[in-house]
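Student: Generate a structure from the sequence data that follows.
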Amino acid sequence: MFKIDLKGPDGNAYALMAYAKSFGKQIGMSKEIVDKIIDKMTSSDYNNLLLVFEDYFGNVCELINKPKEIE
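Tutor: Numbers count the residues shown, from 1 in each chain. Below you'll find the predicted structure:
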């Protein structure tokens, strides 16, 4: 399983949104669906972004070094 270290350069919000677009494309999601996921990711704070990311892509990617609030 692919892992993203949130304490590294791939852990910032922009990198995670890019991963969401890439993973969405790889698993056959339409651009419209991916855009809605990105909208949900950016609708609140960083913790929300992580939770939404995990909801949609947790089966293909593991986030490591998550903030304690969302573990």
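
Student: Can you pull up the most central residue in this protein?
Tutor: By CA atoms, centre = their mean, the chain has its centre lying nearest to Phe53, at 3.1 Å.

Student: That one sits in which helix or strand?
Tutor: Counting by DSSP states H and E, the element that carries Phe53 is helix 46-57.

Student: Flag every buried residue along that helix.
Tutor: Under the neighbour-count criterion of 16 or more other CB atoms under 10 Å, helix 46-57 has 46, 49-53, 56-57 buried. Backbone N, C-alpha and C define where each C-beta goes, glycine included.

Student: which of the residues you listed lies closest to Tyr14?
Tutor: Leu49 (10.3 Å; CB to CB).

Student: Now do the helix or strand just after the helix holding Phe53: which elements does it pack against?
Tutor: Using DSSP H and E, the helix or strand that follows helix 46-57 towards the C-terminus is strand 61-64. The contact analysis (3 or more CB pairs under 8 Å, 6 or more residues apart in numbering; DSSP states H and E) places strand 61-64 against strand 2-5, helix 46-57.

Student: Asn65: neighbouring residues, count only.
Tutor: The number of residues packed near Asn65 is 11, by other CB atoms under 10 Å.

Student: before we move on, back to that, any chance of the buried residues of helix 46-57 in CSV, with pLDDT and distance to Ala15 too?
Tutor: Below are those laid out as CSV (pLDDT from 0 to 100; distance: CB to CB, whole Å):
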residue, pLDDT, distance to Ala15
Tyr46, 97, 12
Leu49, 98, 11
Leu50, 98, 12
Leu51, 98, 17
Val52, 98, 15
Phe53, 98, 11
Tyr56, 98, 16
Phe57, 98, 13
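
Student: Could you single out the nearest of those residues to Gln26?
Tutor: Nearest member of these to Gln26, counting by CB to CB, is Phe57, at 9.8 Å.

Student: which residue sits closest to the closest one, ignoring its sequence neighbours?
Tutor: Phe23 (4.9 Å; CB to CB, 6 or more residues apart in numbering).

Student: Buried residues of the helix or strand encompassing the one you found, list them for me.
Tutor: In this assignment (DSSP H and E), Phe23 forms part of helix 13-26. By 16+ other CB under 10 Å, the buried positions in helix 13-26 come out as 16-17, 19-21, 23-24.
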